[in-house]
Every structure is written in structure tokens, then in C-alpha cells.
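# Got a predicted structure plus its sequence, pasted below:
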Amino acid sequence: MRISSAQIQQLALRAMLDQQARLSKTQQQVSTGKRILTPSDDPAAAAGLLGLDQSLSISKQYQDNISIARNHLQGEEAALDSITKAMDRVREIAVQGNNAPLTSSDRSALAVEVRQRLDELLALANNRDASGEYTFAGLQSKTQPFTVNSSGVYQYNGDSGQRLQQIGSSRQVAIGDSGTAVFRAIREGNGTFATQDNPGNIGSGVIGPGTVTDPTAYDGDTYTLSFPVQTPASATLSFGDAIGTNDNLNYTLQINGTTVYSVSESGTPVNTLSGLASAINTGSATTGVRAIVDNGTLSLVNTAPGNQPIVVTESMSGGSDGDADTVTGYFGSALTGTSAASANLTYNNTDATNYVVENSQGTLVTSGNYQASSSISFNGVSVAFKGTPRNGDSFTIRPSAQQDLFSNVEALARALESPISATGSQAAFNNAMSRFLANADQDQEHISTVRARIGARINTIDSQQGLNDAVIFHVQETRSRLQDLDYASAITRLNQQTVGLEAAQKSFLQIQGLSLFSLL
């Protein structure tokens, strides 16, 4: 076959261009450090690189999310740290204000600082992060969470939602807490039950927050602790009619001027203390007096504390023959038809010597002699008392409800601003301070719990960040094996391709110079 000179040149030129292309590709690999420049270089490895790049991108996004979550949590922690310090100061003020020698002016000055601290607490609860979003508004991050209405009531405008951040393929972390969870969902009292004095108390009794001594015996009921007056009442009513046969003696019992029981000698008198107590209690709404039977003793107590005495009046009527008709009343009054037809027994609100505890159904739970600076225990709880209550004073022990931190501090300010003019108001102040201190302990314990949860989340973030780093390192290592160039092999190949190209170029020049004319 005859090959023309043009064809020979074209073949030689194509071979040199192919060598130049291979050399150029090797040069690009060396300059970029990448083995695969196009998917066609290694289709299988190129497909693997796409998956690895996607995994790497996702892992890096998780790391960015971790930075965002850490910033949110650290901002929340800083706000709660400031709140803790402010509450520490408020508690110090309460302890100082509960000191008896302080004057009204001294307490008013302390109240001013309490209100300043309250403003500080409100500002911290409305804290914003670097992006301008409210930290404690739940999912309503653009809404100011806490405001005060015209009545001085603290309102929450956010929700109970919790924002979550994805920090791993199967792990999310909460990056904040709602205002309800931080500032409102706080148990009052000792966390299980709360104690409350009656605002009408006139004695100096102060009740403590109490403790649960036996959780299995505590039933969560509401109890009323009262200080009644013991009476000499018996279960016997005696009619005496010596001579007359037409008499119809009547006995009437009045409490504070209101008739609560009456019976004639032809009737059947009540013959138990519990029956007599029931008759008295039927008129409690009018008389303002309740009867309690305990261990064979009938006691009387005002339904509302105060200075009003309890007046028991026993009277006789129906003696018409002028004989020595007599009635001996339940409370021991000796009534005759010829002399006294009625007798009054007055029970004043003196210092209490006895107490009774009743449940929400009015059933007597326990009773005893009251001693100052002692504890009263029943149904798995123990409540300490100091001071001396007056007969008629009462206290309530009820299951703890939820309170908000701001209202508790507001109550402290009001207590410090209230004037103290009598024993009852002094006791009311002391009870308010005791109540605040118990609630403040719950506030601070709750905030500490929230901070502990934040710390646990930050630890989770740190752990996940390390795991993400390990994943990123592994992906990058695998990607490097697929993509990175073996420089030693590439440079050797580059040298070989360079030498080959130079040899081809020189031989092409020599072959191109051959001609029959040069031999003639």
C-alpha cells in the first residue's frame, strides 16, 4: 500500500498531539493535586466522591448548628446567672427586713431596692440574643415574653414551645427554655405543700414552711389548723320540776345571740357532744362559731379570726307554778324558775392553749396542747410554729401550687411596704416573710435545675462536636484516598511523557526533512 507524505505527516502530528494532551493532563493533576479531573477519569471513584462531598457538607452544617446552639445556651446561662445573683440579693434583703428592730422607714427603704431588683429580673427575663430574638419566649421569639398590666399582674405572652437544633444525624438539642418553664412552673412552699396564715389572725403565731416526714402517709389534702376554746360542756341536759304538773319547761341555747338549739322537758334532748356540736354548727353561718368535739371535750372556735368573743347563752322558760323548777344546761348553767332564767358564758380570744387540725371534709385529724417554738405533726407532715396564736386564729396547709418568680418578689415588696401597728399585723408580716423565704428557696432551686439542664445540653453539644469531627476526618481521609494524586507516580509519568514527546518531535523533524530531491 502506498502512503503519501501528507498522510505520514498527519499521523505523526496526531500522535504528537495525543502525547501533548496526556502530558497536559498529567501537568494539571500535578498542579491541582487531584487524581480525578473529570468523572470519566474514574467513574466509580467520581460517584463515591459525590456521596462523600454530600456527607462532608452535612457534617460541617451540623458543626455550624452546634456553634449556633452553644451561643444560644451560653446566652441563656449568662442571663440565669444574673437572675441567680439578683435573687441572692433579694433574699438577703428579706432576711434583713425580717429583723424586728427595723422601723417602717427602714423597711420602706428596703422595699425600694426590692422593686429595683424586680425591674432587673423582669429585664433579664426579657433578654434578647445577638439576633434580637427573645431568649425566654418559647417559639414566639419575636414577642416580648413578660409584661406587667395596669393591675400590676405579671403576664406571659410567649408559649411553652422549645426550639430544637439538629446537631447530628440522629440528635437534636434544645437551644432554649420557655418563660413558663423557667419563671412560672415553680412549686410554692416547700415544693410539696404550702402554709398560709389567715389574714384576720390577731395573735403572734408564725407558721413555718413545714416538711414531709413520711411521703407514704401524706395524702395531699388541704388541712385547717385552728386554735379553739375548750368548754366544760357535757352531753347531759337535766330538767327538774319538783311539784307542778302543768309546767312545760323549755331550754334554749344561743350562740352570739342566735338560737341554735331548743328542747322542752316533754321532748328528747340531745345526749351526745357530737349531736350538740352538730346543732351548733347548723347555725355557724349566722353565729360565726363552730363546735369541735375532741377526746370528750367540746371546743368552740370563730369561723373568722378576730377580737370578737364567743358568748354562749343558756335560758329556761315555761316555769309557771312558782316552784323550784330547774334546768341544768349543757354548759353547766343552773337555771331556776324563781331566780335566773338565763346565764351567759363568755369566751374571749385569749392566748391559745390548744389546737385542732381538720381535713377538707371537716373531719378532725389531730389535736393537742399548743407550745410555742414546737412542731405539729400529722399525716406524714410536720409544721413548726413560733409565737403565740390567739383563740380563733387559723392556718391552712394545702398542696403546693405553681407560682411565678416575679409575683413572689412583688409580694416581698408589698410586705415591706405594709405598716405594722399591732401584734396581728406584726405576725402577718413575719408570716409573709417566712412565706417569701420558702418560695425564694424554691425559685432558686428551680433556676439551678434549669441551669443544670443547660449544662447537660452543652456537654451533649461538646460530645456531638467531637463525634462530628471524627466523622469529618474519616470522610476526608476516604475522599483523599479516592481523589488525591500520588505525586511520585505522577512526576515519573510526567517525565516519561515529556521525554516521549521530545523524541517524537525530533523524529518528526527528521522524517519531515527526507526527500528524493535531496539525493539527486
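Yes, it's here.

# From now on I want contacts and neighbour counts done on CA atoms only, so please keep to that.
Noted.

# Helices of the chain, start to end?
Applying DSSP state H to the chain gives helices spanning 5-32, 43-97, 104-125, 179, 273-282, 284-287, 405-417, 423-483, 487-513.

# for these, which one ends up most surrounded?
Greatest average neighbour count among these goes to helix 179 (a mean of 25), per mean count of other Cα atoms under 10 Å.

# How far does that one sit from its chain's centre?
Computed by Cα atoms, centre = their mean, to the nearest Å, the chain-centroid distance of helix 179 equals 10 Å.

# And for stretch 119-138?
The mean C-alpha position of stretch 119-138 is separated from the chain mean by 18 Å, Cα atoms, centre = their mean.

# With stretch 361-381 instead?
In terms of Cα atoms, centre = their mean, the centre of stretch 361-381 is found 29 Å from the chain centre.

# How about residues contacting it?
With Cα atoms under 8 Å, 6 or more residues apart in numbering as the test, stretch 361-381 has contacts from 210-219, 294, 352-359, 382-388.

# Just the buried residues out of these, in ChimeraX syntax.
Only the buried entries of the contacts of stretch 361-381 go into this ChimeraX selection, using 16 or more other Cα atoms under 10 Å:
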select :210,211,212,294,352,353,354,355,356,357,358,359,382,383,384,385,388
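
# I'd like to know which of the contacts of stretch 361-381 are part of strands.
Among the contacts of stretch 361-381, the ones falling in strands (DSSP state E) are 211-212, 294, 354-358, 382-386.

# Can you give me the domain boundaries for the protein?
The chain breaks down by automatic domain parsing into domains covering 52-188+422-470, 193-227+354-400, 230-347.

# thinking again about what came up before, what is the nearest of the ones in strands among the contacts of stretch 361-381 to Gly337?
Closest approach to Gly337 among these (Cα to Cα): Asp294, at 33.6 Å.

# give me every residue that touches the closest one.
Asp294 touches Leu364, Ser367, counting by Cα under 8 Å, 6+ apart.

# And the pLDDT at it?
The per-residue pLDDT reported for Asp294 equals 90.

# Bridge partners for it, pull those for me.
Counting by DSSP bridges, Asp294 is bridged to Thr297.

# any idea how far it is from Ser274?
As defined by Cα to Cα, to the nearest Å, Asp294 lies at a distance of 9 Å from Ser274.

# one step back: of the domains of the chain, which is nearest Ser407?
Nearest of the domains of the chain to Ser407, taken as Cα to Cα: domain 52-188+422-470 at 7.0 Å.

# how about Phe436, what does it touch?
By Cα under 8 Å, 6+ apart, Phe436 lies in contact with Ala94, Asn408, Val409, Ala411, Leu412.

# Check the gap between the fourth one and Met316 for me.
Per Cα to Cα, Ala411 is found 53 Å from Met316.

# ranges for the strands of the stretch 201-350 of the chain?
Secondary structure of the stretch 201-350 of the chain (DSSP state E, counting those that start in this stretch): strands at 206-207, 211-212, 223-226, 229-230, 238-240, 250-255, 258-264, 289-294, 297-302, 310-317, 326-328, 334-336, 342-347.

# so which of those comes closest to Val450?
Closest among the strands of the stretch 201-350 of the chain, using Cα to Cα: strand 211-212, at 23.5 Å.

# Find the nearest non-adjacent residue to Leu249, please.
Nearest non-adjacent residue to Leu249, counting by Cα to Cα, 6 or more residues apart in numbering: Gly318, 4.4 Å away.

# tell me the pLDDT at the one you found?
Confidence score, pLDDT, at Gly318: 79.

# Number the chain from 49, please
Sure, I'll start numbering at 49, so the last one becomes Gly366.

# Number of residues surrounding it?
16 (other Cα atoms under 10 Å).

# so which of the strands of the stretch 249-398 of the chain comes closest to Gly440?
strand 345-350 (5.1 Å).

# which strands and helices sit next to that closest one?
Packing contacts for strand 345-350, counted by 3 or more Cα pairs under 8 Å, 6 or more residues apart in numbering; DSSP states H and E, involve strand 277-278, helix 321-330, strand 337-342.

# Ok, which of these comes nearest Ala171?
Ranking the helices and strands packed on strand 345-350 by proximity to Ala171 (Cα to Cα) places strand 337-342 first, at 49.0 Å.

# relative to strand 402-406, how tilted is the closest one?
90 degrees (axes from the mean of the first three to the mean of the last three Cα atoms, to 10 degrees).

# What sits closest to Pro206 if chain neighbours are left out?
Not Pro; residue 206 is Gly. When the adjacent residues along the chain are set aside, Gly206 lies closest to Ala185, with 4.5 Å between them (Cα to Cα, 6+ apart).

# pLDDT score assigned to the one you found?
93.

# What residues does it make contact with?
Thr191, Gln192, Pro193, Asn205, Gly206, Asp207, Ser208, Asp225, Ser226, Gly227.

# any idea how far it lies from Pro257?
Remark: distance between Ala185 and Pro257 (Cα to Cα) = 32 Å.

# Next: Pro280.
Distance, Pro280 to Pro257, using Cα to Cα: 35 Å.

# now swap in Ala486 and tell me
Counting by Cα to Cα - Ala486 and Pro257 are separated by 6 Å.

# With Ser312 instead?
In terms of Cα to Cα, Ser312 sits 50 Å off from Pro257.

# One more: Ile116?
42 Å.

# One more: Ile495?
Ile495 is 20 Å from Pro257, where distance means Cα to Cα.

# Arg232 against Gln450, yeah?
Yes. Between Arg232 and Gln450 there is a contact under Cα atoms under 8 Å: 6.9 Å.

# These two: which has the busier surroundings?
Taking neighbours as other Cα under 10 Å, Arg232 and Gln450 compare with Arg232 leading, 18 against 13.

# Could you report the pLDDT at the closest residue in space to the more buried one that isn't next to it in sequence?
Spatial nearest neighbour of Arg232, excluding adjacent residues (Cα to Cα, 6+ apart): Asp452 at 4.0 Å. Per-residue pLDDT puts Asp452 at 92.

# Do I have it right that Asp452 meets Phe231?
Yes. Using Cα under 8 Å, Asp452 is in contact with Phe231, at 5.5 Å.

# what about the stretch 199-348 of the chain, any weak spots by pLDDT?
The stretch 199-348 of the chain contains residues with pLDDT under 70 at 289-295.

# what's the span of stretch 246-254 from first residue to last?
Start-to-end, stretch 246-254 (Cα to Cα) is 11 Å.

# From the chain's centroid, how far away is it?
Distance, centroid of stretch 246-254 to centroid of chain: 29 Å (Cα atoms, centre = their mean).

# Any chance you could list what contacts it?
By Cα under 8 Å, 6+ apart, the surrounding residues in contact with stretch 246-254 are 245, 352-355, 399, 433-438, 440-444, 471-476, 478-479.

# With stretch 450-463 instead?
Contacts of stretch 450-463 (Cα under 8 Å, 6+ apart): 138, 142, 159-160, 162-163, 166, 169-170, 201-202, 231-236, 477, 480-481, 484, 487-488, 491.

# hey, C-alpha coordinates of that stretch in CSV?
In CSV, the C-alpha atoms belonging to stretch 450-463 read as follows (Å, rounded to 0.1, in the frame of the first residue of the first chain):
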residue,chain,number,x,y,z
GLN,A,450,-47.4,26.8,90.9
GLN,A,451,-46.1,30.4,91.4
ASP,A,452,-44.1,32.8,89.3
LEU,A,453,-40.8,34.3,90.5
PHE,A,454,-42.0,37.9,89.8
SER,A,455,-45.1,37.7,91.9
ASN,A,456,-43.1,36.2,94.8
VAL,A,457,-40.7,39.2,94.7
GLU,A,458,-43.6,41.6,94.3
ALA,A,459,-45.2,40.1,97.5
LEU,A,460,-42.0,40.7,99.4
ALA,A,461,-42.0,44.4,98.3
ARG,A,462,-45.7,44.8,99.4
ALA,A,463,-44.9,43.1,102.8
